[in-house]
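S.K.: This is a predicted model, with the sequence first.
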Amino acid sequence: MPPSLSTTHRRIPFGFEELLTYLTREILRSQPENIYEFCSITCQQLINERNNGILSHELVKLDSTIHHSHETKE
């Protein structure tokens, strides 16, 4: 049996809050019939945009922060 979440300290991954905010905004704006499919498609689009160097405006700051933190660690 897995440990209870209430007794286990969990660290929120960097960028998770921004991703949830972005997804929430897009779900409310689009009102999709299937939220799970919508999230899957939206996340895949974000991955493709990131891989092609084209990020949505809300996530550009987050991505540049991630790249900067990796550069300072190396």
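M.R.: Received it, and whenever you're ready, just let me know what you need. Numbers count the residues shown, from 1 in each chain.
S.K.: And the pLDDT for Phe14?
M.R.: pLDDT, Phe14: 86.
S.K.: What values do phi and psi take at it?
M.R.: Main-chain dihedrals, Phe14, degrees, to the nearest 10: phi -60, psi 130.
S.K.: now swap in the one 3 residues further on and tell me
M.R.: Recorded main-chain torsions at Glu17 are phi -60, psi -40, according to degrees, to the nearest 10.
S.K.: what number of residues lie near it?
M.R.: By other C-beta atoms under 10 Å, the residues close to Glu17 number 11. Glycine gets a C-beta too; all of them are placed from N, C-alpha and C.
S.K.: And it, how far from Thr42?
M.R.: 16 Å (C-beta to C-beta, to the nearest Å).
S.K.: Repeat that for Tyr22.
M.R.: From Tyr22 to Thr42 the distance is 8 Å (C-beta to C-beta).
S.K.: and what of Ile35?
M.R.: 10 Å.
S.K.: Can you check the pLDDT for Thr24?
M.R.: Confidence score, pLDDT, at Thr24: 95.
S.K.: helices or strands up against the helix or strand where it lies?
M.R.: Element membership for Thr24, per DSSP states H and E: helix 16-30. Helix 16-30 is packed against helix 35-51, helix 57-73, with contacts defined by 3 or more C-beta pairs under 8 Å, 6 or more residues apart in numbering; DSSP states H and E.
S.K.: List the buried residues in that helix.
M.R.: Neighbour counts over helix 16-30 (16 or more other C-beta atoms under 10 Å) mark Leu19, Tyr22, Leu23, Glu26 as buried.
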